[in-house]
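[1] what shape does this take:
(one chain, ligands or ions: 2)
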Amino acid sequence: MDIVWHDHKITKEVRQEQHGHKSCVIWFTGLSGSGKSSVASELERALVQQFNAKTYLLDGDNVRHGLCKDLGFTADDRVENIRRVGEISKLFVDAGLITLSAFISPFRTERRLARELLEDGEFIEVFVDTPLSECEKRDPKGLYQKAREGKIKNFTGIDSKYETPENPEIHLENGKQTIQESVEQIITYLKKHNYLASL
Ligand SMILES: Nc1ncnc2c1ncn2[C@@H]1O[C@H](COP(=O)(O)OS(=O)(=O)O)[C@@H](OP(=O)(O)O)[C@H]1O
Ligand SMILES: Nc1ncnc2c1ncn2[C@@H]1O[C@H](COP(=O)(O)OP(=O)(O)O)[C@@H](O)[C@H]1O
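    Ligands and ions are numbered 1, 2, ... in the order given. I've put the predicted structure just below:
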């Protein structure tokens, strides 16, 4: 390939020092309706307001309006969606940000590939573990009902698989606890592992 990588003078370490904290990706995975967006956006608010952290939230619904608007929900398209999101997350980590990525990301292989793009400790997998029955009961967008009626094909949990994380850094039982409790659980992890040490 006739493309040469350029090393820049302002490195990730310089940016982290400027921001006063390490950068990482907090990767939320779980069924549609499990609470990924709600927990991620409340966590982001807490990180900014309480800790003055520099953050960015990438969300499936939003990214699919732009960067990934050419992609649908076949297995191949989801693989490509998560590949792109993994690369974008890496760029945001390089920019020194605490990056929150909230995507169903149903396949173990793609989550592992996203992790492998980063250095040790930079990828924090958060399994938003809400039972399908609860997600279906919530059904805020009416998508489960449409999937059950056969109006949407390849719907995760109905006719497209979700592979449960085997060893996530954080396991949220978000069907049994409040959004705020889930946020607290993540902040406790971040403090314990020194992600917020200098804040
Ligand atoms: N077939 C099908 N299956 C699952 N989800 C569907 C589907 N069609 C549309 N939607 C809506 O798209 C959102 C999920 O997009 P993601 O980019 O997170 O999906 S994936 O990671 O590529 O699997 C998802 O958002 P969340 O409910 O926030 O997860 C849905 O609103
Ligand atoms: N811990 C919780 N307890 C009760 N309702 C929740 C909880 N977390 C999320 N919800 C609700 O569930 C629905 C789906 O949440 P959302 O964050 O949009 O999920 P996702 O991004 O995974 O699709 C929303 O109506 C949200 O208010």
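[2] which residues are contacting stretch 135-147?
    Applying CB atoms under 8 Å, 6 or more residues apart in numbering, the contact partners of stretch 135-147 are 31-34, 152, 155, 157-159. (Glycine included, C-beta is placed from N, CA and C.)
[3] looking at the protein, which helix is longest?
    Of all the segments of type helix in the chain, defined by DSSP state H, the longest one is helix 75-94.
[4] what comes up buried for that helix?
    Of all the residues in helix 75-94, those buried under the rule 16 or more other CB atoms under 10 Å are 78-79, 81-82, 85-86, 88-90, 92-94.
[5] coming back round to it: in ChimeraX, how would I select the buried members of the contacts of stretch 135-147?
    Applying 16+ other CB under 10 Å to those, the buried members can be selected in ChimeraX as follows:
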select :31,32,33,34,152,155,157,158
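[6] out of the contacts of stretch 135-147, who's nearest residue 12?
    Distance to residue 12 across the contacts of stretch 135-147 (CB to CB) is lowest for residue 34, with 31.0 Å.
[7] and the two most separated of the buried residues of helix 75-94?
    Of all pairs drawn from the buried residues of helix 75-94, the greatest distance, 24.6 Å, lies between 78 and 94 (CB to CB).
[8] lowest average confidence, helix or strand, in the chain?
    Of all the helices and strands that make up the chain, helix 60-63 has the lowest average by mean pLDDT, DSSP states H and E, namely a mean of 89.
[9] quick one: mean pLDDT for stretch 128-144?
    pLDDT averaged over stretch 128-144 equals 98, rounded to a whole number.
[10] is that stretch positioned near ligand 2?
    Yes. Contact of stretch 128-144 with ligand 2 is found when judged by CB under 6 Å from any ligand atom, involving 138, 140.
[11] buried residues, that stretch. List them.
    For stretch 128-144, a neighbour-count test (16+ other CB under 10 Å) marks 128-130, 132, 134-136, 139, 143-144 as buried.
[12] equivalent analysis for stretch 163-172, please.
    Along stretch 163-172, the positions that meet the burial threshold by neighbour count (16+ other CB under 10 Å) are 165, 168-170, 172.
[13] and for stretch 192-199?
    So for stretch 192-199, counting by 16+ other CB under 10 Å, buried means 195-196.
[14] low-confidence ranges, the chain, go.
    The chain contains residues with pLDDT under 70 at 198-199.
[15] before we move on, back to that, please work out which residues outside the longest helix of the chain touch it.
    Contacts for helix 75-94 (CB under 8 Å, 6+ apart): 12, 15, 23-25, 27, 56, 58, 60, 63-64, 67-68, 71, 99, 101, 103-107, 110-111, 113-114, 117-118, 122, 154, 160.
[16] what about those, which are in helices?
    For the contacts of helix 75-94, the ones inside helices are 12, 15, 60, 63, 110-111, 113-114, with DSSP H as the criterion.
[17] show the buried residues in the residues you listed.
    Applying a neighbour-count criterion of 16+ other CB under 10 Å, the buried members of the ones in helices among the contacts of helix 75-94 are 12, 15, 60, 63, 110-111, 114.
[18] let me know the closest of the residues you listed to ligand 1.
    Proximity of these to ligand 1 (CB to the nearest ligand atom) peaks at residue 60, which lies at 2.6 Å.
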